[in-house]
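Peer 1: Generate a structure from the sequence data that follows.
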Amino acid sequence: IYLLAAGYTDTLIGFLYLIGWLIILWRFGLDRNLLMLAQAPIYLCFIFITLQILPPFGYWLVAWVLIATAINWRRFSKDIVPKFISGVASMWRRRHS
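Peer 2: Reported below is the predicted structural model:
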């Protein structure tokens with residue numbers, strides 16, 4: 001909503017994104033993995049906009065994300081990503097069986 005109100009994204013794109021995710025969540029439920037997947041492009045958009053408008057802050061933001069990932073790499077690679085993939089796969093199998 002902020003990206004739309006501030007004029008950083010087109011109203012049609014925001015509307016289609018919202019409607020698309022509402023349909024997906026209606027069909028599959030409020031699954032934690034789907035909610036994470038819905039948020040990821042929004043966070044990426046914030047980073048991209050920051051890099052365009054205030055590059056020094058954008059670089060610090062990218063550095064912060066990389067440092068946080070490096071510090072938490074073991075948990076990220078052994079816990080978060082595998083749970084995310086298996087959660088999405090099991091949700092997909094439940095809906096298509």
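
Peer 1: tell me the contacts of the most centrally placed residue in the chain?
Peer 2: Central residue of the chain (C-alpha atoms, centre = their mean): Ala40, 1.0 Å from the mean position. Applying C-beta atoms under 8 Å, 6 or more residues apart in numbering to Ala40 gives no contacts. Any C-beta I mention is one placed from the backbone N, CA and C, and that applies to glycine too.

Peer 1: right, and the secondary structure at it would be what?
Peer 2: Here Ala40 is recorded as helix under DSSP: H, G, I helix; E, B strand; the rest coil.

Peer 1: Can you give me the distance of it to Phe46?
Peer 2: 11 Å (C-beta to C-beta, to the nearest Å).

Peer 1: just Thr69 next, same as before
Peer 2: Distance from Thr69 to Phe46, by C-beta to C-beta: 16 Å.

Peer 1: So those two - more neighbours on which side?
Peer 2: Neighbour count, other C-beta atoms under 10 Å: between Thr69 and Phe46, Phe46 has more, with 15 against 11.

Peer 1: Tell me how far the least confident helix or strand in the chain by mean pLDDT lies from the chain's centre.
Peer 2: Least confident helix or strand, the chain: helix 81-95 with a mean of 81, by mean pLDDT, DSSP states H and E. Counting by C-alpha atoms, centre = their mean, to the nearest Å, helix 81-95 is centred 16 Å from the centre of its parent chain.
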